[in-house]
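[1] test case, fold it:
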Amino acid sequence: MVSELTFKTKLKLENVIEYNNSFSKNRRIYLTVLFFVGMFVILFLTEQEKSNNIATMLIIDFIGSIIIWFLIKFRIKSHSKKTFQSDNLAQQEYTYTINELGLRFESESSNGNIKWADVKKVSETKNLYLVFISSNKSFVMPKSSISSAKERLTLKYLISLNLDSKKVQFRT
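    Okay, here's the model as predicted:
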C-alpha cells in the first residue's frame, strides 16, 4: 500500500456549512429535545385545567420543535457564510500530505506539520474528512479533492494505521 498521499484542496462555502452542521448536530438535537420537553411541561401545566387534549399539545409542541430545528440550521448557515467570507486563510488553496509521520499542510500564507499524536479524532461526513486537532478545531478536507477511490482508500488506510481505532469514525 502507498505510504503517502498528497492532494490540493480549496474549501467552498458548502463545505464550511456541512462542517458546522455536522459539528453542531448533537447540540441541535439537545436544544430541540429540551425545547420539546420544556414546551410540553408548560403547555401541560397551563392547559391542564382547560382541556385534557394531550394530542393537541403534542402536535403544537412538535411543530414548535421543528421550527426551532430549522431556525438553528438557518442560523448556522448564515453564521458560516459570514465567517467564511471574512476568513482569507480558509479561502486559500491548501496542499495536504499525509504519511506515517502525520499531516503536513501548505498554503500561500501558512504551513505546518501535525503529528499523529496531536490528532484528537478523525471523522467523515457525506462530503468531507475532518481531522480534529482539538475539540473544536479541525482540518476540513472535501472528498471531491481526492480524485480516485484508490486515493480515498489510501487516506483511510494511513489514518487507521496511525491512530487508535477509538479516534477514527469513518462512514460505512
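[2] show me the strands in the chain, by range?
    With DSSP state E as the definition, the chain shows strands at residue ranges 4-10, 93-99, 102-106, 111-115, 121-124, 128-132, 138-142, 168-169.
[3] in JSON lines, list the ones you listed along with distance to residue 152 and mean pLDDT.
    For every residue, glycine as well, the C-beta is placed using N, CA and C. Listed next are those as JSON lines, based on distance: least, CB to CB, whole Å; pLDDT from 0 to 100:
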{"stretch": "strand 4-10", "distance to residue 152": "9", "mean pLDDT": "95"}
{"stretch": "strand 93-99", "distance to residue 152": "12", "mean pLDDT": "97"}
{"stretch": "strand 102-106", "distance to residue 152": "16", "mean pLDDT": "97"}
{"stretch": "strand 111-115", "distance to residue 152": "20", "mean pLDDT": "96"}
{"stretch": "strand 121-124", "distance to residue 152": "10", "mean pLDDT": "96"}
{"stretch": "strand 128-132", "distance to residue 152": "9", "mean pLDDT": "96"}
{"stretch": "strand 138-142", "distance to residue 152": "10", "mean pLDDT": "96"}
{"stretch": "strand 168-169", "distance to residue 152": "14", "mean pLDDT": "95"}
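[4] mind putting those in TSV, distance to residue 41 included?
    Rendered in TSV, the data for the strands of the chain read as follows (distance: least, CB to CB, whole Å):
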stretch	distance to residue 41
strand 4-10	47
strand 93-99	48
strand 102-106	47
strand 111-115	46
strand 121-124	35
strand 128-132	36
strand 138-142	37
strand 168-169	35
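[5] redo those strands as TSV? Include mean neighbour count.
    Output for the strands of the chain, formatted as TSV (neighbours: other CB atoms under 10 Å):
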stretch	mean neighbour count
strand 4-10	15
strand 93-99	17
strand 102-106	18
strand 111-115	12
strand 121-124	19
strand 128-132	20
strand 138-142	20
strand 168-169	14
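[6] can you say which of those is nearest to residue 21?
    Taking CB to CB as the measure, the strands of the chain were each checked against residue 21, and strand 128-132 came out nearest at 10.5 Å.
[7] residues touching the closest one, excluding its own?
    Contacts of strand 128-132 from elsewhere in the structure, counted by CB atoms under 8 Å, 6 or more residues apart in numbering, are 15, 18-19, 22, 103, 114, 119-124, 138-143, 146, 155, 159.
[8] and if you look at stretch 155-165?
    Where contact means CB under 8 Å, 6+ apart, the residues beyond stretch 155-165 that reach it are 1, 3-5, 98-100, 102, 116, 119, 122, 129, 131, 146, 168, 170.
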